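Student: Just a sequence and a predicted model for now, questions to come.
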Amino acid sequence: MCFVFKVSKSGYYKWLVRTPSKRELYNQILLEEIKRIYYQSKRRYGSPRIAKELEMSGF
């Protein structure tokens, strides 16, 4: 696979064990909050309403 994706083996193994960045952690939290709002609204809210909900909750 490393050959197909044109990455070194050492680069792959380094990526495999690295810790997530602050940005990645924030994005995971944000995604969970978006899903929570979406399902809480019975899947009726679109992006404008979800954005408003996020803003009201401090995101």
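Tutor: Nice, I can see it.

Student: Name the residues of the longest helix anywhere in the chain that are buried.
Tutor: With secondary structure taken from DSSP state H, the chain has its longest helix at helix 22-40. Residues of helix 22-40 classed as buried by neighbour count (16 or more other Cβ atoms under 10 Å): 33-34, 37-38. Backbone N, C-alpha and C define where each C-beta goes, glycine included.

Student: Check which element follows it along the chain.
Tutor: Using DSSP states H and E, the next helix or strand after helix 22-40 towards the C-terminus is helix 47-56.

Student: Show me what that following helix is packed up against.
Tutor: On a contact count with 3 or more Cβ pairs under 8 Å, 6 or more residues apart in numbering; DSSP states H and E, helix 47-56 meets helix 22-40.

Student: how deep is the spatially closest residue to Lys9 that is not a sequence neighbour tucked in, by neighbour count?
Tutor: Distances taken as Cβ to Cβ, 6 or more residues apart in numbering place Cys2 nearest to Lys9, at 5.3 Å, with adjacent residues excluded. For Cys2, the neighbour count with other Cβ atoms under 10 Å is 12.

Student: now the angle between helix 47-56 and the longest helix of the chain, please.
Tutor: 120 degrees (axes from the mean of the first three to the mean of the last three Cα atoms, to 10 degrees).

Student: From the rest of the structure, what touches helix 22-40?
Tutor: The list of residues contacting helix 22-40 from outside it, by Cβ atoms under 8 Å, 6 or more residues apart in numbering, reads 20, 45, 50, 53-54, 57, 59.

Student: what about Leu54, neighbour count?
Tutor: Neighbours around Leu54, by other Cβ under 10 Å: 14.

Student: still on that earlier bit, gap between the longest helix of the chain and the chain center?
Tutor: 6 Å (Cα atoms, centre = their mean, to the nearest Å).
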